[in-house]
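Colleague: Have a look at this prediction, sequence included:
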Amino acid sequence: MAKDTDILESITNSEYKWGWETKIENESAPKGLSEDIVRFISAKKEEPEWLLEWRLKAYRQWLTMKEPKWPNVRYPKVDFQDIIYFSAPKKKATAKSLDEIDPELLDTFKRLGISLEEQKRLTGVAVDAVIDSVSVATTFKAKLGELGIIFMSFSEAVKEHPELVRKYLGTVVPANDNYYAALNSAVFSDGSFCYIPKGVRCPMELSTYFRINAANTGQFERTLIVADEGSYVSYLEGCTAPQRDENQLHAAVVEIYAAKSAEVKYSTVQNWYPGDKNGKGGIYNFVTKRGICAGDYAKISWTQVETGSAVTWKYPSCILKGDHSVGEFYSVAVTNNYQQADTGTKMIHIGKNTKSRIVSKGISAGRSQNSYRGLVQIMKRAEGARNFSQCDSLLMGDKCGAHTFPYIEVENPTAKVEHEATTSKIGEDQIFYCNQRGIDTEDAVALIVNGYAKEVLNQLPMEFAVEAQKLLALTLEGSVG
Amino acid sequence: MNQQTETFTQSIQNKLSAKEGTNKFLNELRKRGIQAFGTLGLPHPKHEEYRYTPIVKALEKEFSDGFAVALPTLSEAEAKSFFFSGLEANRLVFINGHFSPEASSIISPESEIRIRPLSEVSEDVIGKVAQPEKDAFVALNTAFSQEGAYIEIPAKAVVGLPVVLHFQSDSRGGITAAMPRNFISIGRHAQASVVEVYNSIGDNTSFLNVLTEVDVADGAQLDYFKVQTESDLALQVNTTEVQQAPNSRFSSTVLTLGGRIVRNNLNVAQNGSGCHTDMYGLYMLHGKQHVDNHTLMDHRQPNSTSNELYKGIMDDGSTGVFNGKIYVQQAAQKTNAFQSNKNILLTPNATIYTKPQLEIWADDVKCSHGATTGQLDEEQVFYLRSRGINEPAARALLLYAFAADIIEHINIEPLCQHFLALVNNKLETRFL
C-alpha cells in the first residue's frame, strides 16, 4: 500500500515528466520528402540494393495513395514536406561496450528510468534503445546470442542477417498496406529486429525504448519479430517525447510472424507527449501493428496501455491463419484534455477452431474523444471459430466523448461471436464509499480506474504494470470535479 | 462514378426536370429534393452506410432506362386478399404508389383520425422531419413522391382501431417503381397504432422507395409496425424518420420476411426529456435474400430511455446486415440506452454483418450494446430429442422460440397472432 501512496504523491506535482529535451548534436537530413531523401536514408545506413528498391517502390506507391479520412479524429493536415525524415545522434558509435556511447545519451536513458548499463541485471530485461531515428544501444546481446536469439537494431540486422530480414520484411504488413505503412516503408530509419529460433523459450523480456528528441522530426521505426516453431517471446515497447508546441509525427510499423506453436506476447506502454492542457502540440501517433499466426497452434497477444499522443490511430491486429491459433487483444486507452484516440483491433479468423479475445477499456476525461474501432471477421473456412469481445468505456466529465464502432462479419455458421459493450461513469456511490473511508476524491478515482483497468493491466509484465498504473493516475490528474 | 451510374443518374435527372404538380408547397419541396439529389447522387458502393448492401448496383441493372411505372391491374379483390384476417382496422391501400379508394376504408370517426392524400396537404410540416440533404434515397423520394398517406391524430384522441397502410406492387405488366411518402402526426396525449404492410405480385422487378415521417407530440404514444412480405423479386428502401416531443413514447416493430434486397432506415430523434423508445426487429431470410437494417437512436435531451432488440435467422445464401447507432448528445444526461442484436446462421453460405455502434458525449449515462452470432445450441437440440421430439421439429421449435421473442410483446392480439402465423409459415415453407 505504501507503494501506491508513493505513486500518487509523485504524480501530483508533475504533468508530463518526460517533457525535457537532451542537447545532443544531431545529424539530420534536410526537411522534406523526395526520392532523394529515400536514397539518402538508404545510403546513410549502407543498405543493400534490394532494400533501397523496396523503399523506392513503397515511396512511389505512397505518392498514389490518399491520407485516410475515416478515423474519428480531427487534426490539421500534416505537411509531409515540413518534416525531417532522418535524424541521428551525431557521435553515433557502433559501440561494442557502453563506454563508447555519448554520456549525454546514457544520461538521457537514465532519466527515462532505463538502465543501459546492464546494472539492473536482476530485472532481466534486454533493451534496444532508439533515439530519434537510430538505435543507440542494445543490451544483453551476447547472452541472447548463446541461445541463438537475434535481437538487434534493424539496420544491424540488415547487415548481419539479410536473408532473414528479406524473407520476412513486409510479409505481414505489405509496403502498400495503407498510407502510413507505405510512408514508413519508404523512410523507416531504424527499429528492432528479433528472431527466436525453433523451440527456444526466450529467458528474458525483450524491450525497445523509443524516444523522439530532435525538433521537427518524424519518427518512423520498424519492428520485426519472428518467432520460429515452438518458440516463445515476450516483447515490450515504451515511448516518450519532449514537450513541444508543434505536432510531431510518429508512424511506425510492427510486424509479428508466429510459426507453428509459437507464442508472442507484445506489450506497449505508449506515452508520447500528449500536448498541453489546451491541446497545443503533441505527437500524432499513426501506427500499423499486425501479427500473423502463420502456423497451427500459434498465439499472438497484444497488450497496450495508451496514455499519450495528441492523436492516436492504431489497430494492433491478428491474422489467425493457422488452425487452432489464438489472438488476444487487451487495451486500456486513456484520453484527457484535447487528446483523441481511435484505436482497437482486427481479428481475422481464417483457420479452423481459431479463437480470439478482445478486452478494451476506454477512459475519457476533459475534452477528449476516445473511440474503439474493431473488426471481427470469420471467414468461410474458419470452422468452429470463437470470439469474445468486450469493450467498456468510462466517461469523466460531460465534455468528453466515447465512441464504439465494432464491425462483426461472420461467414461461417459454426462460429460463435459475442460482443459486449457498456458505457458509464464512475458511480457517485463508489466515490462516496471511498470518501467515507478517508480517501479523497482524486485518489478514489485513481483507485477505481485502476480496478476498472485491472483485467488489462494484469496482462502486463510486472515492472510494466507498475509503470502503467502510475501513468493512468497521472493522465487523469485534475480531471475530477 | 462509373458509366452505368452516370447514365442511371442522368435518366433520373431528366425525369425530375419534367415533374411539376399543381400543389405549390409540394413543388417547392420537390425542388429541394431535386437539388439535394443533384448534390448527393446515388451512394457509392464503398459509402460507409451502404458498403454491405448492393442496392444501387441492383437498381442500375434493373432500371437502366429510368424508373418505369407500370399501371396497376390489381383488382379490388386481389388487393383485399393481402388483408389480415380477423383484424378490424382502418385501411388505406396503395397499388404501385397509386391510392386505391375502392379497397380502402376508414372506420374510426373524424374526431379520432383525419386522413388526407398527400397531394392535398399544404402544411409545411412535411419535409421538416426528414431532411433530403442527408440521404440520397430521402432526396430521391422528396423529388419523386406523388402519393402517400397523411395521417393526423388530434390531441387527446385515442384511436381504438389500428391504421393499416397497404403498399402493393403489381409487376405483372412490367417492372415497376414507386416512391410513396407518408406523414404521421400524433397530437398531444393522443394514442394510435399504425401498421405498414408490403406485398408484391408479378414476375418482374418492383422497387419501392418509401419515406415515412413521424411526429409524436407531448405525451403522445405511437405503436408502429412494418411487415415486409414481398416476393423474391422486390427491391425496397424504406426510411422512417421519427421525432419525439417530451414525455412521448414510440415503439417500432419491423418484421422482414420477403424481398430480394431490403434496406430499412429507422432514425429516431428524442427532442425532449422523459421519452421512451422501443425498437424491435426480426429478419428471417432464405435463398439469396439480402436485408439491411440501419437504425439510429439519437438522445438529445436528459432523462430518456431507449431499448432496442433485433434478431435474425439466415438460411441458404442469404445475407443479413445490422447497423445500430446510439447517439447520446452532451445535453442528454441520465440517459439509459440498451441495444442488442442476435443472429443465427443456419448454413455455411449465409452471412451476417453486424455493427452495433455507440457514440456518447455525456458522462452520466448507462449504455450498453451487445451482438451475438452463432448457430442453434446443440445441447438444446439434444435435450428436445431425448424427450422424443425429432430433429427437424426440435430445430423448428427452437427457431420459433428465438423469433417469437420479438413478436410476443405486441398487445394488439389479432396482429400478434397474424405475425406469429407469418413466422410459422416462413419456418415451415422455407427453413424445414
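Modeller: Looks like it arrived, so ask away. Remember, it's a predicted structure, so these values are computed and weren't measured experimentally.
Colleague: Every contact and neighbour count from this point should use C-alpha atoms.
Modeller: Noted.
Colleague: Around chain A, pick out the residues from the stretch 201-350 of chain B.
Modeller: B:Gln330, B:Ile344, B:Leu345, B:Leu346, B:Thr347, B:Pro348, B:Asn349, B:Ala350 (CA under 8 Å from any CA of the partner chain).
Colleague: Narrow the residues you listed to those in strands?
Modeller: Mapping these onto strands (DSSP state E) picks out B:Ile344, B:Leu345.
Colleague: could the residues of the stretch 201-350 of chain B next to chain A go into a markdown table alongside neighbour count and pLDDT?
Modeller: Formatted as a markdown table, these follow (neighbours: other CA atoms under 10 Å in any protein chain shown; pLDDT from 0 to 100):
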| residue | neighbour count | pLDDT |
| --- | --- | --- |
| B:Gln330 | 19 | 87 |
| B:Ile344 | 25 | 93 |
| B:Leu345 | 30 | 91 |
| B:Leu346 | 22 | 90 |
| B:Thr347 | 17 | 89 |
| B:Pro348 | 17 | 87 |
| B:Asn349 | 18 | 88 |
| B:Ala350 | 26 | 91 |
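Colleague: Let's have the residues of the stretch 201-350 of chain B next to chain A in CSV, adding distance to B:Ala178.
Modeller: Formatted as CSV, those follow (distance: CA to CA, whole Å):
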residue, distance to B:Ala178
B:Gln330, 39
B:Ile344, 33
B:Leu345, 33
B:Leu346, 34
B:Thr347, 34
B:Pro348, 35
B:Asn349, 32
B:Ala350, 30
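Colleague: interface residues of the stretch 51-200 of chain A facing chain B?
Modeller: So the stretch 51-200 of chain A never meets chain B (CA under 8 Å from any CA).
Colleague: Got phi/psi on the residue of the stretch 51-200 of chain A found nearest chain B?
Modeller: Per CA to the nearest CA, A:Trp70 is where the stretch 51-200 of chain A lies closest to chain B, at 9.1 Å. The phi and psi values for A:Trp70, taken as degrees, to the nearest 10, are phi -70, psi -20.
Colleague: That one and A:Phe405, how far apart?
Modeller: 12 Å (CA to CA, to the nearest Å).
Colleague: Which residue of the two possesses the greater neighbour count?
Modeller: A:Phe405 (21 against 7; other CA atoms under 10 Å in any protein chain shown).
Colleague: pLDDT wise, what is A:Gly308 at?
Modeller: With respect to pLDDT, A:Gly308 scores 76.
Colleague: In terms of helix, strand or coil, where does it fall?
Modeller: coil (DSSP: H, G, I helix; E, B strand; the rest coil).
Colleague: Touching, B:Leu255 and B:Tyr198? I think so.
Modeller: No - at 10.5 Å, B:Leu255 and B:Tyr198 do not qualify as touching, with contact defined as CA atoms under 8 Å.
Colleague: joint contacts of those two?
Modeller: Here B:Leu255 and B:Tyr198 have B:Lys226, B:Val227, B:Gln228 as joint contacts, going by CA atoms under 8 Å, 6 or more residues apart in numbering or on different chains.
Colleague: Any chance of those in CSV with secondary structure, neighbour count and pLDDT as columns?
Modeller: Shown next, in CSV, are the shared contacts of B:Leu255 and B:Tyr198 (DSSP: H, G, I helix; E, B strand; the rest coil; neighbours: other CA atoms under 10 Å in any protein chain shown; pLDDT from 0 to 100):
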residue, secondary structure, neighbour count, pLDDT
B:Lys226, strand, 19, 95
B:Val227, strand, 20, 95
B:Gln228, strand, 21, 95
